[in-house]
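# Sharing a model prediction with you, sequence too.
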Amino acid sequence: MKTEDLIGMLARDASPVPTRVGERRFAIALVIGVLLALAWVQTAFGIRADLGQVMATPAFWQKVAMPLAVAATGLIVVFRLGHPGARMNGWWLGVWLPVSLLWIWAAAVLWMAEPQARMPLVLGSTWRTCVFNVTATSLPIGAALLWALRGLAPTRPVLTGAAAGWLAGAVGACVYALHCPEMAAPFVAIWYVLGMGMSAALGAWAGRSWLRW
């Protein structure tokens, strides 16, 4: 069969692609991933009993501002990476700028704190488990995002997987914050970011195989 004949046959059999398929896959993935992450946090750790009171304080929203901002911009980056030829147009800056601002804020907090108070601000009481907990909370979100991306056409599987893992880490950090008692900026700047980084590393490893055509 000639190439022209094959192309013509495929064109005749082609059916219209439904619109907004990618957006629907991402929406489904995020809803399922977040619900599973919430179930994990509730089962493994429990939601803070005083969450309603804590959420009424500025400190809580300062704590989750970084992962929320990363999640908002990271979603756009990951979605565009799933489409060949889509341009980032500076969206990468939105992925890293919130972290950079948090680091600056954390450094200022440590600089203004008394010397004997600096280590407690960094370590809190849960530093040994925070990175694992954030990463574990991110796993169902990351798996759901990789499922969504498999229905698209990413051309850079490792980078796309890493970006999806970073996004999952940010969303997972927000979910884990519903349990976490730590509120200090230096703690969040170190241990939450490390947890998000671990999630990104796992995403890059998984994307190498799962997102390859």
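Here it is on my side, so go on.
# ok, now which ones touch A206?
The neighbourhood of A206, defined by C-beta atoms under 8 Å, 6 or more residues apart in numbering, consists of 142, 146, 161, 165. Glycine gets a C-beta too; all of them are placed from N, C-alpha and C.
# so how many other residues sit close to the third one?
This points to G161. Using other C-beta atoms under 10 Å, G161 is surrounded by 30 other residues.
# With adjacent residues omitted, what lies nearest to it?
Among residues not flanking G161 along the chain, G207 sits closest, at 1.7 Å (C-beta to C-beta, 6 or more residues apart in numbering).
# Near that neighbour, how many other residues are there?
27.
# now swap in R87 and tell me
Residues near R87, counting by other C-beta under 10 Å, number 8.
# now H179, what's its secondary structure?
coil (DSSP: H, G, I helix; E, B strand; the rest coil).
# From H83, how far out is it?
Between H179 and H83 the distance is 35 Å, computed by C-beta to C-beta, to the nearest Å.
# With P186 instead?
Here the criterion is C-beta to C-beta. By it, P186 lies 38 Å from H83.
# Comparing these two, which residue is more hemmed in?
P186 (24 against 13).
# Surely the more buried one touches M112?
No: P186 sits out of contact with M112 when judged by C-beta atoms under 8 Å, with a separation of 11.2 Å.
# Show only the entries of the contacts of A206 found in helices.
The subset of these located in helices under the criterion DSSP state H comprises 142, 146, 161, 165.
# could you dump those to CSV with distance to W213?
Listed next are the ones in helices among the contacts of A206 as CSV, based on distance: C-beta to C-beta, whole Å:
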residue, distance to W213
G142, 20
L146, 14
G161, 14
G165, 20
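# If you rank those by neighbours, which is first?
Looking at the ones in helices among the contacts of A206 with neighbours defined as other C-beta under 10 Å, the largest count falls to G165 at 32 neighbours.
# For that residue, which non-adjacent residue is spatially closest?
Nearest residue to G165, sequence neighbours excluded (C-beta to C-beta, 6+ apart): G203, at 2.1 Å.
# Let me know the helix or strand that the one you found is in.
Remark: G203 resides in helix 193-210, with elements defined by DSSP states H and E.
# Please state the offset of the helix or strand hosting I104 from the chain centre?
I104 is part of helix 91-112 when elements are defined by DSSP H and E. Once both centres are worked out by C-alpha atoms, centre = their mean, to the nearest Å, helix 91-112 turns out to sit 17 Å from its chain's centre.
# what sits against the most centrally placed residue in the chain?
In the chain, the residue lying closest to the centroid (C-alpha atoms, centre = their mean) is L167, at 2.0 Å. L167 makes contacts with 70-71, 74-75, 77-78, 141, 145, as judged by C-beta under 8 Å, 6+ apart.
# Okay then, goodbye and thanks.
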